[in-house]
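compute the structure for the input listed below.
(one chain, ligands or ions: 3)
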Amino acid sequence: MWNEEMRSKLQLYFIMGSTNCKQDPEKVLLDAIDGGITMFQFREKGEGALTGTEKINLAQKLQHLCKEHAIPFIVNDDIELALALNADGVHIGQDDEDASTVRKKLGEGKIVGVSAHALMEVKKAIADGADYIGAGPIYPTRTKADAEPVKGTSLIEEVRKTGIRIPIVGIGGINEGNASAVIDAGADGVSVITAISLAADVFERSSALKKAVAGISE
Ligand SMILES: Cc1ncc(COP(=O)(O)OP(=O)(O)O)c(N)n1
Ligand SMILES: Cc1ncsc1CCOP(=O)(O)O
Ligand SMILES: [Mg+2]
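Ligands and ions are numbered 1, 2, ... in the order given. Have a look, this model is predicted:
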């Protein structure tokens, strides 16, 4: 789905799991939704991450909030969970299952996002049927211990220079101060974890990020 609908869903893509929050994840998500996020990814990862029934229960609660507010609910990595919950899609990286396999498992109507760090990976993701690319890390991040080296906006610029139109979202260390540079480079949106999840005022920070992004792409 490479259309304006996909591009607008990517505008402010919030990613979160319980390990990214100091407050109740449901409250964080609700405040972020009120602040204007356009898509949500459930990413239950890292030290102390929930597993089994606890993970499923939290996913269901967050999915319910997304449904109530018409926000697409994407699952990170866990294809079985996405299928069990009938999620709107999945996000996979270079170390995860192949996008073409995931596409077959999920079906045509679902969103498949793929992380890419180089032009070749973008081209492969396109051939495999990806709906969007997560490009990064753009800026230094402390949220993902095994992140690839920081890329700045160079990959996004390179992809756009070749004329490739796939929807792209930048990721890694993005906040309201640097989000506009990511959009200027050719991304359709920004994805953030801690700039929203650890904000003292989640509503205020997500509203400010939305303004920083929407002020440019609208
Ligand atoms: C939108 C978006 N872009 C990139 C990623 C990173 O995915 P991956 O490289 O598979 O790393 P993990 O998130 O699984 O640790 C993402 N999750 N979302
Ligand atoms: C999941 C992921 N993939 C590349 S960087 C990153 C972490 C982004 O988190 P933050 O927005 O807190 O830097
Ligand atoms: Mg992954």
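
okay, CA-based contacts and neighbour counts for the rest of this
Noted.

so where do the strands sit in this protein?
12-16, 39-42, 73-76, 89-92, 111-116, 132-135, 168-171, 189-192 (DSSP state E).

quick one: contacts for M39?
The contact partners of M39, taken as CA atoms under 8 Å, 6 or more residues apart in numbering, are 9-14, 71-74.

related to what we said a few turns ago, quick one: which of the strands of the chain is nearest A145?
Nearest to A145 among the strands of the chain is strand 168-171; the distance by CA to CA comes to 14.1 Å.

right, is that closest one up against ligand 3?
No. Against ligand 3, strand 168-171 shows no contacts by CA under 5 Å from the ion, the least distance being 12.9 Å.

looking only at pLDDT, what's the mean for that strand?
Across strand 168-171, pLDDT averages out at 98.

what pairs with it, parallel or antiparallel?
For strand 168-171, the paired strands and their directions (DSSP bridges) are strand 132-135 (parallel), strand 189-192 (parallel).

nearest to ligand 1, out of those?
For the strands paired with strand 168-171, proximity to ligand 1 was assessed by CA to the nearest ligand atom; strand 132-135 is nearest, at 3.5 Å.

make CSV out of the strands paired with strand 168-171 and add mean pLDDT and distance to ligand 3.
Shown next, in CSV, are these (pLDDT from 0 to 100; distance: least, CA to the ion, whole Å):
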stretch, mean pLDDT, distance to ligand 3
strand 132-135, 98, 11
strand 189-192, 98, 14
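
got JSON lines for these, with distance to G89 and mean neighbour count too?
Converted to JSON lines, the strands paired with strand 168-171 look like this (distance: least, CA to CA, whole Å; neighbours: other CA atoms under 10 Å):
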{"stretch": "strand 132-135", "distance to G89": "11", "mean neighbour count": "26"}
{"stretch": "strand 189-192", "distance to G89": "16", "mean neighbour count": "26"}
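
distance to ligand 1 added to those strands, as TSV?
Converted to TSV, the strands paired with strand 168-171 look like this (distance: least, CA to the nearest ligand atom, whole Å):
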stretch	distance to ligand 1
strand 132-135	4
strand 189-192	6
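
out of the ones you listed, nearest to R165?
strand 132-135 (9.8 Å).

hmm, who's touching that closest one?
Residues from elsewhere that reach strand 132-135 (CA under 8 Å, 6+ apart): 2, 112-117, 122, 125, 155-156, 166-171.

and what of stretch 145-158?
117-119, 135-140, 168, 170, 181-182, 185-187.
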